[in-house]
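Enquirer: okay, here's the prediction I keep looking at, along with the sequence it came from:
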Amino acid sequence: MNKRGLLLVFSGPSGVGKGTVLKEYLKKHPDTAFSVSATTRKPREGEVHGQHYFFLTREKFDRLIENDGLLEHAQFAGNCYGTPKEAVEKNLEKGIDVVLEIEVQGALQVKEKCPDALLVFVMPPSFEELRRRLTGRGTEDKETVRRRLSNAGREMEAAKQYDYIVVNQTVEDAADQLEQIVCAAKHTAKYLREFIDEVEYDAETCCK
């Protein structure tokens, strides 16, 4: 079978619960590697370098870009974020699945560089439900919620460029949807082409 891991790119608007869904999925699949992003922003209280993010200076981040060391990168609120390429590639070569939880802008960069990547977008059951979840958190003022909802509309437009959509009605159901998607992806002819080539070669050799 295919010895290379699957690159799974996971995105969705703020408040949709993508991080919670992903945690539920990873509990069932602890052998899947979660890619740690690099950023130029300062660590927040409780954040650990190498666990939550790789906290880099702008100089080191720019050097990674120059050396083609990032799968994708983008800038938000004056800070840079990106996915280090080396760790992702090493895991994939070992046959380990890798998950990236990144914004739409970065996800589309990954799709361009890695055509075999599987892009999954998490949607709310409705836009009103997304509004309810954002306001229900009680951590942001009305203007911040309004801005996040505006961004969500643009992000959901980009969802049409993804391979699959997961609707997060409940965390458990959404994690099950993701599990089914990954299982289906690993049975496509595209993913198993190396295996198909090996069997085809054996057939040709056997019949000579």
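Expert: Received, thanks.

Enquirer: Glu157 - how many residues pack around it?
Expert: Glu157: 10 surrounding residues under other C-beta atoms under 10 Å. All C-beta spots, glycine's among them, are computed from the backbone N, C-alpha and C.

Enquirer: let me know the average pLDDT across stretch 109-120.
Expert: The average of the pLDDT scores along stretch 109-120 is 95.

Enquirer: tell me the buried residues in it?
Expert: Buried positions in stretch 109-120, judged by neighbour count with 16 or more other C-beta atoms under 10 Å: Gln109, Val110, Lys111, Cys114, Ala117, Leu118, Leu119, Val120.

Enquirer: now the helices for the protein?
Expert: For the chain, the helices defined by DSSP state H cover 18-28, 58-66, 85-93, 104-113, 127-137, 142-158, 171-185, 193-206.

Enquirer: ranked by average pLDDT, which of the ones you listed falls at the bottom?
Expert: Lowest mean pLDDT of these: helix 193-206, a mean of 81.

Enquirer: among the helices of the chain, which is nearest Phe76?
Expert: Smallest distance to Phe76 across those (C-beta to C-beta): 8.9 Å, for helix 104-113.

Enquirer: what distance separates that closest one from the centre of its chain?
Expert: 10 Å (C-alpha atoms, centre = their mean, to the nearest Å).

Enquirer: what's in contact with it?
Expert: For helix 104-113, the surrounding residues in contact (C-beta atoms under 8 Å, 6 or more residues apart in numbering) are 7, 9, 11, 71-74, 81-83, 100, 102, 117, 119, 155, 158-159, 161-162.

Enquirer: swap in stretch 132-152?
Expert: Pro13, Ser14, Gly15, Val16, Gly17, Pro124, Phe127, Leu130, Arg131.

Enquirer: dump those to a markdown table, plus distance to Lys142 and neighbour count.
Expert: Formatted as a markdown table, those follow (distance: C-beta to C-beta, whole Å; neighbours: other C-beta atoms under 10 Å):
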| residue | distance to Lys142 | neighbour count |
| --- | --- | --- |
| Pro13 | 17 | 26 |
| Ser14 | 15 | 20 |
| Gly15 | 14 | 21 |
| Val16 | 19 | 26 |
| Gly17 | 21 | 20 |
| Pro124 | 19 | 22 |
| Phe127 | 17 | 14 |
| Leu130 | 15 | 24 |
| Arg131 | 11 | 17 |
